[in-house]
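**Student:** Could you look at this predicted model? Sequence included:
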Amino acid sequence: MFLVKSLWDSNFGFRGSQERNSPESRFVAVFIDEAKIHVAGGAGGNGCVAFRREKYVPRGGPSGGDGGRGGSSYLDSNAPLNTLLTFRYNREFAARRGGHGEGSNRHGQDGADQVIQVPVGTVVFDDTTGEKLYDFNATGQQFAAAQGGRGGRGNARFATSTHQAPRKAEPGAPGEERSLQLELKLLADVGLVGFPNVGKSTLISRLSAARPRIADYPFTTLEPHLGVVALDAERSFVMTDIPGLIAGAHLGRGLGVRFLKHVERTRLLLHLIDVAEYSGRDPVEDYSTILKELESFSPTVAGKPMLLVASRVDAAGEGDRLAALRDFCRALGKSLYEISCVTGEGLEELKRAAWAMLEQIPRPRPEADTASLRHP
């Protein structure tokens, strides 16, 4: 775990979050989900021009060896990683060049490959063209980001019956170079969406072992959190909590929608709506506002299966807001799940409803991709 002072990074967004009401506010964990890197394959080694010089071989022939192949740069998905922090300070990656050929037909050594570890969920784009190159959606996948150069041939390769003493050799070919844009999209089955301070972080902390920071002021959550929700020893799913949205988030208000990409891969959304009496909010208006923000970000995200959750029913008071939300859901033909993270009311029912929905939603199939194959 890396700890840094809270700063705004112009290239990557938030590097941390300073919390005014916390005595531990000076240092916080780092989460980085975007990075730009430059990768290069190693150049091939040069071929050698040499001739045999042996005492009892009066006419020694050409004996220049070939240059070695340059190493290639690969991206490899690694499950324990959950941030692109590695690339905050190290953005240049190059494989080793191949060794040069030598006399006595000795070939140069092949250059060592460069393997760059990235988190599962990383999407790789060409920074120049914007083309999507690879999507790491499982552990152990590998993408050849930059191939190494071919080694040059030595003069022994050019000998023929009519040209027995060639004095030429080939230089090694340069390796490929690429500038890449990396974007991390967390892999989760269920995503939590809603306004700030509606209880998303509290919910994920009650249902899983995740421990996000929880406080009574807006935008307490400044980075996504993952948690594993277990129903029993054999049934579980992964839930992610993202920073809250507000009206105009697609225009950059609040924290904007930069974290919504972390729910693009989810199969199910839980939309939390605060019905507490002291919130002063209109639950029906909150639902419509969040739905508009999701549609502005991506119609695909807005069209995902969604469960509506009335949060903080223990503080609903006389229940006018809760009653209005019930009537609204009934008119939409949707079920409303009423929960309280304080008393535990409705949490078990919500878990089982989410699992039942997930069983009906097929998992996306990983796309076949041959770009990960190593060269011979």
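**Tutor:** Yep, that arrived. Numbering: from 1, shown residues only.
**Student:** what are the ranges of the helices in the chain?
**Tutor:** Counting by DSSP state H, the chain has helices at residues 200-207, 283-297, 299-302, 320-332, 347-360.
**Student:** Mean neighbour count, these: which tops it?
**Tutor:** helix 200-207 (a mean of 23; mean count of other Cβ atoms under 10 Å). C-beta here means a position set from N, CA and C on the backbone, and glycine is covered the same way.
**Student:** which helices and strands sit right next to it?
**Tutor:** Under the contact criterion of 3 or more Cβ pairs under 8 Å, 6 or more residues apart in numbering; DSSP states H and E, helix 200-207 touches strand 190-193, strand 225-230, strand 236-241, strand 268-274, helix 347-360.
**Student:** Could I get the average pLDDT for it?
**Tutor:** Average pLDDT, helix 200-207: 88.
**Student:** tell me the angle of it relative to strand 225-230?
**Tutor:** Calculated by axes from the mean of the first three to the mean of the last three Cα atoms, to 10 degrees, helix 200-207 forms an angle of 30 degrees with strand 225-230.
**Student:** Mean pLDDT lowest where, among the helices and strands packed on helix 200-207?
**Tutor:** Among the helices and strands packed on helix 200-207, strand 225-230 scores lowest, with a mean of 83.
**Student:** Might one say that Val228 is in contact with Leu207?
**Tutor:** No - at 9.2 Å, Val228 does not count as touching Leu207 under the criterion of Cβ atoms under 8 Å.
**Student:** which residues are common contacts for these two?
**Tutor:** Common contact partners of Val228 and Leu207 (Cβ atoms under 8 Å, 6 or more residues apart in numbering): Met239.
**Student:** related to what we said a few turns ago, what would the helices and strands packed on helix 200-207 look like in CSV with distance to Ser335?
**Tutor:** Below are those laid out as CSV (distance: least, Cβ to Cβ, whole Å):
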stretch, distance to Ser335
strand 190-193, 16
strand 225-230, 19
strand 236-241, 19
strand 268-274, 12
helix 347-360, 8
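**Student:** which stretch among the ones you listed comes nearest Leu332?
**Tutor:** For these, distance to Leu332 was read as Cβ to Cβ. The smallest value, 11.8 Å, belongs to strand 268-274.
**Student:** mind listing the strands for the stretch 1-150 of the chain?
**Tutor:** 3-4, 8-9, 13-14, 28-29, 34-40, 73-78, 92-94, 114-119, 122-126, 132-135, 142-146 (DSSP state E, counting those that start in this stretch).
**Student:** how big is the angle separating the fifth one from strand 122-126?
**Tutor:** What it means is strand 34-40. Going by the same axes, to 10 degrees, strand 34-40 makes 60 degrees with strand 122-126.
**Student:** Give me the helices and strands touching strand 34-40, please.
**Tutor:** Strand 34-40 packs on strand 73-78, strand 92-94, strand 114-119, strand 142-146, strand 177-184, going by 3+ Cβ pairs under 8 Å, 6+ apart.
**Student:** would JSON lines of those strands with mean pLDDT, mean neighbour count and distance to Arg153 be doable?
**Tutor:** Listed next are the helices and strands packed on strand 34-40 as JSON lines, based on pLDDT from 0 to 100; neighbours: other Cβ atoms under 10 Å; distance: least, Cβ to Cβ, whole Å:
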{"stretch": "strand 73-78", "mean pLDDT": "92", "mean neighbour count": "22", "distance to Arg153": "24"}
{"stretch": "strand 92-94", "mean pLDDT": "95", "mean neighbour count": "15", "distance to Arg153": "24"}
{"stretch": "strand 114-119", "mean pLDDT": "93", "mean neighbour count": "19", "distance to Arg153": "25"}
{"stretch": "strand 142-146", "mean pLDDT": "95", "mean neighbour count": "22", "distance to Arg153": "23"}
{"stretch": "strand 177-184", "mean pLDDT": "93", "mean neighbour count": "18", "distance to Arg153": "23"}
